[in-house]
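Participant: Predicted model follows, preceded by the sequence.
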Amino acid sequence: MNITGSIVTYNNISTIERCISSVLDVTAGRDYTFRLYVYDNGSSDGTPELIESKFPGVKLIRDTANKGFGAGHNACIKRVKSDYHFVINPDIYLDEDTIGVLAAELERDESIGLITPRIMNNDGTEQFLPKYCPTVRYVFVSKIPGFKYLRRRYTRQEEGLDEPTEIEFCTGCFFGARTSYLKKMKGFSNRYFMYCEDSDLSRRVRTQGKKIIFYPEVKAYHNWQRDNTGNLRGIYRFTKSLLVFFKKWGFAW
């Protein structure tokens, strides 16, 4: 198999070295070929310089402006020539051949549109990302004291998903797909700068009759520190993206 991966960076110098090192380490010497692409959205913290100096085998694409998460990955998806492609966050790291295992599952079952592993916190606890599609109740009401049960329901954390399971939502922090399928889908929608682009892609995949599979037999670690309601800028971007999503797919309470 010929496999590629893409990472979109914007001032990620604190996590990118560990991320790239782990991805290259676990894919080295396998019975498939792997090439990694990094699209830098105009970082000013030395991220692209670090990549150039420490990872000369990585294909680095430098932009002068921050065009967003989806736009960066789409630029890579257009360029790659492979059987399978993985979208990887710059704060992900791997300690096993998660990429090879998921690619083999895609090879085995052509009905799979997207596949994602179990996503873990650095301390070994689970992030519970095979969620349901976003609704006002799940996204906003669930954060109000007394309604935390909605968050647990939204993230399916009480269901004990320990076997490969078809799900509604595929997280954008780490997933794989057939490269030809991603190209056919034209990657992420350009309506979103940040947030909800993975929800939108998930809906498009399911609308076409393809499956999204949560594959918990392998894992990826996600150094997740973002809180999209922690500051006004984040709240604005998240709310704007959610409204775009609801306008396209219908308002859901």
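Facilitator: Great, that's in hand. Residues are numbered from 1 along each chain as shown.

Participant: Would you indicate which residues of the lengthiest helix in the chain are buried?
Facilitator: Criterion DSSP state H: the longest helix present in the chain is helix 232-249. Residues of helix 232-249 classed as buried: 237-238, 241-242, 244-245 (neighbour count, 16 or more other Cβ atoms under 10 Å). In short, each C-beta sits where N, CA and C put it, glycine included.

Participant: now do stretch 139-149
Facilitator: For stretch 139-149, a neighbour-count test (16+ other Cβ under 10 Å) marks 139, 142 as buried.

Participant: which other residues reach it?
Facilitator: 150-151, 154, 229, 242 (Cβ atoms under 8 Å, 6 or more residues apart in numbering).

Participant: After the host helix or strand of L36, which helix or strand is next? Please name it.
Facilitator: Per DSSP states H and E: L36 is located in strand 33-41. As assigned by DSSP H and E, the chain's next helix or strand after strand 33-41 is helix 47-54.

Participant: Would you mind putting the CA coordinates of that following helix into CSV?
Facilitator: Only the C-alpha atoms of helix 47-54 are listed here, as CSV (Å, rounded to 0.1, in the frame of the first residue of the first chain):
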residue,chain,number,x,y,z
THR,A,47,7.5,25.8,13.3
PRO,A,48,8.4,25.6,9.6
GLU,A,49,12.1,26.2,10.3
LEU,A,50,12.1,23.4,12.8
ILE,A,51,10.5,21.0,10.3
GLU,A,52,13.0,21.9,7.6
SER,A,53,16.0,21.4,9.9
LYS,A,54,14.9,18.2,11.6
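
Participant: Can you list the buried residues in it?
Facilitator: For helix 47-54, a neighbour-count test (16+ other Cβ under 10 Å) marks 47-48, 50-51 as buried.

Participant: Point out the other helices and strands that the helix or strand just after that helix packs with.
Facilitator: Using DSSP H and E, the helix or strand that follows helix 47-54 in sequence is strand 59-63. Counting contacts by 3 or more Cβ pairs under 8 Å, 6 or more residues apart in numbering; DSSP states H and E, strand 59-63 packs against strand 33-41, helix 47-54, helix 69-79.

Participant: give me the low-pLDDT residue ranges for this protein?
Facilitator: Counting by pLDDT under 70, the ranges of the chain that qualify are 225-231.

Participant: now the helices for it?
Facilitator: Ranges of helices within the chain are 16-27, 47-54, 69-79, 98-108, 136-139, 148-154, 179-185, 197-207, 232-249, based on DSSP H.

Participant: To V8, which of those helices lies closest?
Facilitator: The closest of the helices of the chain to V8 is helix 69-79. By Cβ to Cβ, the value is 3.4 Å.
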